[in-house]
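**Student:** What would the 3D arrangement of this be:
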Amino acid sequence: MPSSYNIEAVAELKDKLSRAKAIYFTDYLGLDVGSITNLRSQFYQADVEYTVAKNTLLKIAADENNIAGLDEFLNGPTAIAISYDEPTSPAKVIKSFAKENDKPVVKGILFEGDILDGSEFKRLADLPSKDELLAKLVSMLQSPMNKLVNTLNAPLTNVANVLNNLKEQKS
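**Tutor:** Sure, this is the predicted structure:
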């Protein structure tokens, strides 16, 4: 008979799995307390939830959400980095943290419903964020408009310059 703690933990994990845009399954073993605290604070600043979870509870929550294929990632100690908004945020944090440390190692990724191998996190970390992509899009859309406005204003500017030159010549 499962304990009430485990039942609550599965319900909480089920909710998190259903709302998450991306979940990174990591192996954190080998990090000292100071490093884990530093990693958690970096995740917190990036609006990413980082928690240690029992593999059996994760499997049950995944099964209840009809998510298959996670069994190969759920062995050994597992911590999950969950992003509800920006799916590449955990990858960016892990990449920057891994420059100074060898851990955490990404075992696998559940990325917007697709299951990816852990080696894919480096590729995801190099992707621009949603805000960066939107800024590029706005810039690209704005550029032709600016050129059109400048082209339409050029004859008027030229006429104004000619009139100013005539005025200066007569005075």
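
**Student:** Would you mind measuring from the residue lying closest to residue 19 once chain neighbours are set aside to residue 128?
**Tutor:** Nearest residue to residue 19, sequence neighbours excluded (C-beta to C-beta, 6 or more residues apart in numbering): residue 84, at 5.7 Å. From N, CA and C alone the C-beta is placed, and that goes for glycine too. From residue 84 across to residue 128, the span is 19 Å (C-beta to C-beta, to the nearest Å).

**Student:** rewinding a little: so the residue nearest to residue 19 makes contact with residue 18?
**Tutor:** No. Counting by C-beta atoms under 8 Å, residue 84 sits too far from residue 18 to count as a contact (10.6 Å).

**Student:** Show me where this protein has its strands.
**Tutor:** Taking DSSP state E as the criterion, the chain contains strands spanning 22-27, 48-52, 79-83, 105-111, 114-117.

**Student:** out of residue 84 and residue 128, which sits in the busier spot?
**Tutor:** Here residue 84 and residue 128 are set side by side on neighbour count (other C-beta atoms under 10 Å), and the busier one is residue 84, at 14 against 11.

**Student:** count of neighbours near the spatially closest residue to residue 39 that is not a sequence neighbour?
**Tutor:** Distances taken as C-beta to C-beta, 6+ apart put residue 97 closest to residue 39, at 5.4 Å, once the chain neighbours are dropped. Per other C-beta under 10 Å, the neighbour tally for residue 97 reads 17.

**Student:** residues in contact with residue 97?
**Tutor:** Under the criterion of C-beta atoms under 8 Å, 6 or more residues apart in numbering, the neighbours of residue 97 are 38-39, 42, 104.

**Student:** same thing with residue 87?
**Tutor:** Residue 87 makes contact with 21-22, 111-112, 124, according to C-beta under 8 Å, 6+ apart.

**Student:** The same query, at a cut-off of 10 Å, please.
**Tutor:** Residues in contact with residue 87, defined by C-beta atoms under 10 Å, 6 or more residues apart in numbering, are 20-24, 109-112, 124, 127, 129-130.

**Student:** Residue 46 now?
**Tutor:** Shown in contact with residue 46 (C-beta under 10 Å, 6+ apart): 81, 83, 85-86, 88-90, 92-93, 96, 129.

**Student:** Counting neighbours, which bits of stretch 112-126 end up buried?
**Tutor:** Taking 16 or more other C-beta atoms under 10 Å as the basis for neighbour counts, the residues of stretch 112-126 that come out buried are 115-116, 118, 120-121, 124-125.

**Student:** For the longest helix along the chain, name the packing helices and strands.
**Tutor:** Longest helix in the chain by number of residues (criterion: DSSP state H): helix 130-170. Packed against helix 130-170, as judged by 3 or more C-beta pairs under 10 Å, 6 or more residues apart in numbering; DSSP states H and E, are no other helices or strands.

**Student:** Cheers, nothing more for now.
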